[in-house]
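J.: below are the sequence and a predicted model for it; my questions follow.
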Amino acid sequence: MRGKNVTIWVTILVLCLGSQRAVGWIQFNDGRTYNIDYEIRDEVWVDYEAPKMATTVNWLEGGSIASTTRRLGTEVLPAGYKLKAFEDSRINVSGGSTWDLYSHDRSQVTISSGSVETLYAFDSSQVTVSGGQTDGPLYAYDNSEVAISGGKIGYTLHAYDSSRVTWSGGSIGDSWYTVFDGEWYAQTEDNIYIDDEAILTIEGLGFSVDGTAVAYGDITSILRGSIEDEPLRHLAGRLASGQPIHNDFYIGHDAKIVLVPEPATVFLLGLGGLALLRRRKR
């Protein structure tokens, strides 16, 4: 009889633990479109293990994911539930706020307004940032593609593996705060980290590295090794959007930064080429 009681209690414990894992997890995976303009107090996954559904989630003004807290040593820091896109899903952030946003598989994420804590791009996902902001960093991995034409990446940009990032507008890097001995300290962090075989393409003009003007083309690693061993360098110039850039950067292994002229400059160069060709024909 005692053995049966133990079995019953173990079964109840397992069921309780299993139900706790389900708490904080909402799924959208039926191919429909959902407009979120309210607070969600759970983790949100879109099209998890549901390929070809192409479920769309529009994150609108008023939409938010409730924050929680986590403990780091003696400090209690803010944390929150995550918003995750999988398979062929679409997430469009045009207002509101969310904690960490993950883009996996072939999903597409666009951010035109609102705020995201930290943005992650994995696999073959596509991320477009034209407005809004991330309070934390942006990470690109695998074969992901990221296009930044506006908005603000509040911390650092990290591109690894075979990811591709295009930067033509907006800003990367801002002041942030940390806790040390119970006090808040403001710091500035605007580094760009490019490693493995990642490529960062920057559209603009008037580029210089460490104060020396550079032509359009590739900026590569100096030592061709680990990014931790690379010297810190500084890139300045003006983006295609007209915004100035002043960012420290590291490049490791076979990664590279590709500097390309802004579209207007390409157009003018094209006109110049046509004029020269006409003169030659005459």
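T.: Yes, it's here. Being a predicted model, the structure only gives us computed values, none of them experimental. Numbers count the residues shown, from 1 in each chain.
J.: which non-adjacent residue is nearest residue 153?
T.: residue 172 (4.4 Å; C-beta to C-beta, 6 or more residues apart in numbering). For every residue, glycine as well, the C-beta is placed using N, CA and C.
J.: how many residues are close by the one you found?
T.: When neighbours are defined as other C-beta atoms under 10 Å, residue 172 has 21 of them.
J.: residues contacting it?
T.: The neighbours of residue 172, taking C-beta atoms under 8 Å, 6 or more residues apart in numbering as the test, are 138, 148, 152-153, 156-157, 190, 192, 245, 247.
J.: which one of those residues is nearest residue 226?
T.: Set against residue 226, the nearest of the contacts of residue 172 by C-beta to C-beta is residue 192 (16.3 Å).
J.: thought the closest one was touching residue 202?
T.: No: taking contacts as C-beta atoms under 8 Å, residue 192 lies outside contact range of residue 202: 9.6 Å.
J.: widest-spaced pair of the contacts of residue 172?
T.: 138 and 245 (15.3 Å).
J.: which one of the two has more residues nearby?
T.: Per other C-beta under 10 Å, whichever of residue 138 and residue 245 has more neighbours is residue 138, with 24 against 20.
J.: quick one: contacts for that one?
T.: Residues near residue 138 by C-beta under 8 Å, 6+ apart: 118-121, 129, 146, 148, 153, 155-158, 172.
J.: next one: residue 220
T.: Neighbouring residues of residue 220 by C-beta under 8 Å, 6+ apart: 251, 254-256.
J.: among the residues you listed, which pair sits farthest apart?
T.: Largest separation among those by C-beta to C-beta: 251 and 254, giving 9.4 Å.
J.: please enumerate the shared neighbours of these two.
T.: Shared contacts of residue 251 and residue 254, defined by C-beta under 8 Å, 6+ apart, comprise 220-221.
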